[in-house]
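Peer 1: Quick one: sequence plus predicted model below, questions after.
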Amino acid sequence: MAKILILLLLLIQQLNSQFIVSSYYEIRNKNVVRQNYEESCGAASIATILNLIDVKRYSENDILQKLKQNNIVNTNMISFMDIQRTLKILGYRSVGYQINRGIFNHFKIPIIVKIENDPRYPHFVVAMNYDGDYIKVFDPNFGEYISSKEQFYKLWDKSNNGGYALIVEPKIQFIFNQIDIKLNGKLIDN
């Protein structure tokens, strides 16, 4: 009888176990720093890409503090030059290019891209080649999602002349700790 009671208690304990449930919103925003202001997508994109390629965690506010002008937090739209200057202050090297789709397809690291064909205004997001004809987009306004390259190119490179991209040089930790991609010391495939 004692054995049956012990088994029943163990069974009840197992049935009462807890599991973690994540909402779609939480899943979609797990790897994205969301923008809290209408035009702060640049700051949120900086925080997102740094959180993807380094072990240090940044918030949008951390980046906005670096963008301060005359002790006033700047939440206005920023340029690639502002993003590069902020990354340099944080100790990262970055270079902006206008690149074509063929070059973009070779990148195996996340990069900041400027979406020019957004009906509201130009918008910064982090994009990364994902699998075949798909791109993972880390959008500070919407969250993380997978897009077909065809759909992405309609927003980023509508006229097929190349889109704007900012390449942030990852620190060595990126290769092994964050996204589990084997780069063999290269930022792009040859």
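Peer 2: Noted; the coordinates are in hand.
Peer 1: Low-confidence bits of this structure, can you list those?
Peer 2: Across the chain, the ranges flagged by pLDDT under 70 are 8-19, 69-72, 118-120, 172-190.
Peer 1: hmm, 50 instead?
Peer 2: 176-190 (pLDDT under 50).
Peer 1: OK, contacts around Ser94?
Peer 2: Each residue near Ser94 by CB atoms under 8 Å, 6 or more residues apart in numbering is listed here: Ile83, Gln84, Leu87, Lys88, Leu166, Ile167, Val168, Glu169. The way it works is simple: take the backbone N, C-alpha and C, and place the C-beta from them, glycine included.
Peer 1: For it, list each beta-bridge partner.
Peer 2: On the basis of DSSP bridges, Ser94 is bridged to Val168.
Peer 1: I figured Gly143 was touching Glu26, is that so?
Peer 2: No. Applying CB atoms under 8 Å, one finds Gly143 not in contact with Glu26, separated by 9.6 Å.
Peer 1: quick one: which of those two has more around it?
Peer 2: Gly143 (18 against 10; other CB atoms under 10 Å).
Peer 1: who's in contact with the more buried one?
Peer 2: Residues counted as contacts of Gly143 (CB under 8 Å, 6+ apart) are Tyr25, Arg28, Asn29, Val32, Arg34.
Peer 1: what about the first one, which helix or strand?
Peer 2: What that stands for is Tyr25. Tyr25 belongs to helix 24-28 when elements are defined using DSSP states H and E.
Peer 1: Now do that helix: everything it contacts.
Peer 2: Contacts of helix 24-28 (CB under 8 Å, 6+ apart): Phe142, Gly143, Glu144, Tyr145.
Peer 1: sorry, back to before: let's have the contacts of Ser94 in TSV, adding distance to Lys108 and neighbour count.
Peer 2: TSV is the format used below for those (distance: CB to CB, whole Å; neighbours: other CB atoms under 10 Å):
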residue	distance to Lys108	neighbour count
Ile83	21	24
Gln84	21	19
Leu87	20	21
Lys88	24	12
Leu166	16	23
Ile167	12	19
Val168	14	26
Glu169	14	13
